[in-house]
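J.: here is my input; please provide its structure:
(chains A and B)
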Protein chains: 2
Amino acid sequence: MGELTEPLEQPLDPRPRVVIVGGGFAGIHAANGLAHLPVDVTVVDRRNHHTFQPLLYQVALAVLSPADIAQPIRTILRKHRNTQVLMDEVVGIDVSTRQIALGSGAQLPFDYLVLATGATHSYFGRDDWAPFAPGLKTIEDALEIRRRVLLAFELAERQMVEHGWHPPLNFVVIGGGPTGVELAGAISDIAQLYMRHDFRHIDPSKSRVLLLEGSPRILAAYPPDLSAKAEAALARLGVEVHTQTHVTGLGPGWVEAAGKRMDAVVTLWAAGVQASPLGKLLGATPAVKLDRRGCVFVDAFLNPPGLPEVFVLGDLARLEQDGCTVPGVAQPAMQMGDHIAKILAADLAGAPRPPFRYFDKGDMATIGRMDAVARLEWPFKAHMSGFPAWAAWLTVHIFFLIGFRNRIWVFFAWIWTYFTFTRGARLITGDQRLPGWQDQLAAGQAQSPDPPQSSDLSS
Amino acid sequence: MGELTEPLEQPLDPRPRVVIVGGGFAGIHAANGLAHLPVDVTVVDRRNHHTFQPLLYQVALAVLSPADIAQPIRTILRKHRNTQVLMDEVVGIDVSTRQIALGSGAQLPFDYLVLATGATHSYFGRDDWAPFAPGLKTIEDALEIRRRVLLAFELAERQMVEHGWHPPLNFVVIGGGPTGVELAGAISDIAQLYMRHDFRHIDPSKSRVLLLEGSPRILAAYPPDLSAKAEAALARLGVEVHTQTHVTGLGPGWVEAAGKRMDAVVTLWAAGVQASPLGKLLGATPAVKLDRRGCVFVDAFLNPPGLPEVFVLGDLARLEQDGCTVPGVAQPAMQMGDHIAKILAADLAGAPRPPFRYFDKGDMATIGRMDAVARLEWPFKAHMSGFPAWAAWLTVHIFFLIGFRNRIWVFFAWIWTYFTFTRGARLITGDQRLPGWQDQLAAGQAQSPDPPQSSDLSS
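T.: Next up, the predicted model:
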């Protein structure tokens, strides 16, 4: 490992240098797989922690603390003696000289490069919407969503005390994929169950949660029967689901969709993703092709065409298998990460590389406290819903949550929450005020003698 | 409680309106005491949560998560039907008309006003030092300190990989009171124990921790024998204690003290406190006197002279008892909070008010993982140190930690940490970069061919 520190004074190290960019599911699995091969591994991430993204919405809705679902990357990989971790940002990739440029100004040479930097939100060209409708990809995103949701209730209570009136507590979630469904269900839980005894002047259970989806059904990647079950489960929680409803505008305190404008005390964005900008850095190389979301087309060996020393994994990769695109979720990312060790072991043995095949075990999404839908492909084929699907979801997620401490921790946090209806992590941290526009809006509304007219989607 | 919402339409409510400003120990204890009296209570705080300040340093040094030591004020007080909680800031106090002005623009009338907004850092007129030496009073402060300490190690590792050299890992804590001692001990723990397996290129155990104190001994409020024991315990942890050492300057990456300038990768401020600005708001009233830290002089009934309807509690109060000043720590704050109910009960019964007397049970401060010093006054008089003092500290702090969930939670987090030497909460959140000056400094140092000369205090 010394070669990076003193590049000119050390004898040439014959061990291949593998640089993994990104400490998500794909990157961590790749590093774990490479731990026992004769290679030197450097994991580069601009954050110090791995985030268990499937549970991020539970941080956003104040069930869990950030530390319950995130761990320092170097702690996860501490036992791998061939692995070093570097907290830095990648700002350039030069495939011809086999170097990446880091934000700190240094160059990092590689023999193999593994790109696994995932995806971020896409506002479909309307980045000006971002301040009014945050998405959910990072711990910081989750804390910002938590701040907005909790502050909305606090502000409404304050307005009741001071002015005897508060704006309607409409929470609008844009996008009916798994994240949107989970957010909508969790906001409903908070309002209906956990908050009900905390306020004197407002009734949180009278909040409205609206889920807006452009396509004809929510959970479009799931079989139609599960979409219908999910919609019914959301309806039981009081969530108003509007499909075929395209958002045409949004701003401070409002959302415009289906030609109508409605009040929205908090708006959340779960509608679109795009690949991390690293795809574009690699895309400058001839022969590398990106799809319209910025994902890098890779072959069955996870290489962009003609770049056998570069691997692209997880949400950043665009892989076709049996005529379908492998989805950008956790499972294929983990499997791709695991596959890297098999390919490099073959290279080291001088054997042909084994092709990657995604083994689809199924999909699951939770809906509120005790409900879920699941499409199982393994160990048997089945469609599940209701409490059994939720129990399956809990088991799988606790099992996969990286780190033993976090597993038992999160399990106890859940048990506690479900039995006591309290939320332990309901803290507003960071800025204690609403975003400027939201505070102004509240002040403006409070001064107007009549509540503002809101024509909403259900009218 | 309806009178605030619609002040003109309700019949006059004969129940006295008590407004408590501040949800710290004093404010929460006052609200708890008033729960069973025929009064209407409003607790105003600009944060939504109560913070258990004695454990804040454990959030800063990544043992605990914010949610382990903080809880929403309205959750703590949810069972008190005569109590409402308002998240707002107090910007004015008018004693003559008995109203406080809120940041949102509203006025809140009171019959009794309880001020318990505590204290904040004081840089002794050098507020320009604040960006380079954060103090520890809030959850946000703790997360900022955590960010700086963890980033210092990350940056050193990165510099070793990229340049083969890193600046000395000197952590300087300014101020030898309980907070400074606890911070210094905890940083030493992190560097010596918890971080040692995580890095490949730096040796965190070679970090230096320096504790600078202006007066002749640390823990000046404790008996001299305990100060000496604490200093010995810190020395065993490798902390370099410098007493009679006044800081004369500090800036990006350096501290100047005793005429010498030394490198400091992280500087923390635990040297001075001043009363919250609310003391000044009240100080505009004639007859109200403030001491030089901005604390409000109160009599044995916790009133400023001539204002029997105004009470000042906790760190904001300056109370003399038997010729000594009651210290600004948790115990007197709790006891003053409890006393408010006794005074108001007397008022309601037309009886004379009972005077407040501070009952001193003692003091304790931890030093690292297994050591502490304690001055006990109750249940028996004793000076303790070492593991027994630490065990006593643990018992007392778990007992007092508000909220049952938090008690068992924190207990398990500790047990886990002590047995496994891992830190669960070691996440860098918020800005992932060092403060601008620190990054520039690192870049500048890395470009210089020789390590910068540092003359330090021990040379």
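
J.: buried residues, stretch A:317-330. List them.
T.: By 16 or more other C-beta atoms under 10 Å in any protein chain shown, the buried positions in stretch A:317-330 come out as A:317-319, A:326, A:328-330. C-beta coordinates here come from the backbone N, C-alpha and C atoms, glycine included.

J.: out of those residues, the closest to chain B would be?
T.: Nearest to chain B among the buried residues of stretch A:317-330: A:A330, at 19.9 Å, using C-beta to the nearest C-beta.

J.: what sits against that closest one?
T.: When contacts are counted by C-beta atoms under 8 Å, 6 or more residues apart in numbering or on different chains, A:A330 touches A:25, A:53-54, A:400.

J.: now A:L34
T.: So A:L34 contacts A:18, A:41, A:80, A:82-83, A:340-341, A:344 (C-beta under 8 Å, 6+ apart).

J.: the buried residues of stretch A:317-330: which two are farthest apart?
T.: A:R318 and A:A330 (16.9 Å; C-beta to C-beta).

J.: dump the residue contacts of the residue nearest the centre of chain A.
T.: A centroid search over chain A (C-alpha atoms, centre = their mean) returns A:K137, at 3.8 Å, as the residue closest to the centre. A:K137 sits next to A:53, A:56, A:118-121 when contact means C-beta under 8 Å, 6+ apart.

J.: state the distance from it to B:T245.
T.: 47 Å (C-beta to C-beta, to the nearest Å).

J.: A:Y57 and A:A142 touch, don't they?
T.: Yes - counting by C-beta atoms under 8 Å, A:Y57 touches A:A142, with 7.5 Å between them.

J.: intersection of neighbour lists for those two?
T.: With C-beta under 8 Å, 6+ apart, A:Y57 and A:A142 have common neighbours A:L136.

J.: any idea which helix or strand in chain A has the lowest mean pLDDT?
T.: Every helix and strand of chain A was ranked by mean pLDDT, DSSP states H and E. The lowest is helix A:436-447, at a mean of 46.

J.: near A:G92, how many other residues are there?
T.: A:G92: 12 surrounding residues under other C-beta atoms under 10 Å in any protein chain shown.

J.: next one: A:G283
T.: For A:G283, using other C-beta under 10 Å, the count is 18.

J.: now the one 4 residues further on
T.: Counted by other C-beta under 10 Å, the residues lying close to A:A287 total 10.

J.: then A:K229?
T.: Counted with other C-beta under 10 Å, A:K229 comes out at 22.

J.: tell me which residue of the stretch 201-350 of chain A lies closest to chain B.
T.: A:H201 (6.5 Å).

J.: may I ask you to confirm that that residue is in contact with A:H163?
T.: No - counting by C-beta under 8 Å, A:H201 does not reach A:H163; the two are 10.6 Å apart.

J.: measure the closest residue in space to A:H339 that isn't next to it in sequence to A:K137 for me?
T.: Leaving aside its chain neighbours, A:H339 sits nearest to A:F356 (4.7 Å; criterion: C-beta to C-beta, 6 or more residues apart in numbering or on different chains). Distance of A:F356 to A:K137, computed by C-beta to C-beta: 25 Å.

J.: helix or strand right after the host helix or strand of A:Q84?
T.: For A:Q84, the host element (DSSP states H and E) is strand A:83-87. Helices and strands here follow DSSP H and E; after strand A:83-87, the next one along the chain is strand A:90-94.

J.: wondering if that following strand reaches chain B at all.
T.: No - counting by C-beta under 8 Å from any C-beta of the partner chain, chain B has no neighbours in strand A:90-94; the shortest distance is 12.9 Å.

J.: ok, and what's touching stretch A:74-86?
T.: Residues contacting stretch A:74-86 (C-beta under 8 Å, 6+ apart): A:1, A:4, A:15, A:23, A:28, A:31-32, A:34-35, A:37-45, A:48, A:50, A:73, A:102, A:108, A:402-403, B:157-158, B:161, B:197-201, B:422, B:426.

J.: ends of it, what's the gap?
T.: End-to-end distance of stretch A:74-86 (C-alpha to C-alpha, to the nearest Å): 9 Å.

J.: what comes up buried for it?
T.: A:74-78, A:80, A:82-86.

J.: just the mean pLDDT for stretch A:295-310, thanks.
T.: The pLDDT scores in stretch A:295-310 average 97.

J.: give the buried residues for that stretch.
T.: Here stretch A:295-310 shows A:295-298, A:302-304, A:307, A:310 as buried, counting by 16+ other C-beta under 10 Å.

J.: out of the residues you listed, what pair is the most spread apart?
T.: Among the buried residues of stretch A:295-310, A:C295 and A:L307 lie farthest apart (C-beta to C-beta), at 15.3 Å.

J.: which residue packs closest to A:R200, ignoring adjacent ones?
T.: B:Q84 (4.5 Å).

J.: can you give me the helices in chain A?
T.: For chain A, applying DSSP state H gives helices covering A:25-34, A:56-60, A:66-69, A:73-76, A:139-163, A:178-189, A:224-236, A:278-283, A:330-349, A:386-400, A:404-420, A:436-447.

J.: which one of those lies nearest to B:P168?
T.: When these are compared by C-beta to C-beta, helix A:73-76 sits nearest B:P168, at 21.1 Å.

J.: the closest one - what's its average pLDDT?
T.: Helix A:73-76 comes out at a mean pLDDT of 91.

J.: ok, stretch A:204-216 next?
T.: 96.

J.: buried sites along that stretch?
T.: A:204, A:207-214.

J.: hmm, back to that, so which of the contacts of A:K137 sit within strands?
T.: Among these, the residues falling in strands (DSSP state E) are A:119-121.

J.: between the residues you listed, which is closest to B:L226?
T.: Once C-beta to C-beta is applied, the member of the ones in strands among the contacts of A:K137 that ends up nearest B:L226 is A:T120, at 53.7 Å.

J.: what number of residues lie near the closest residue in space to A:K342 that isn't next to it in sequence?
T.: Leaving aside its sequence neighbours, A:K342 sits nearest to A:P354 (C-beta to C-beta, 6+ apart; 5.4 Å). Using other C-beta under 10 Å, A:P354 has 13 other residues around it.
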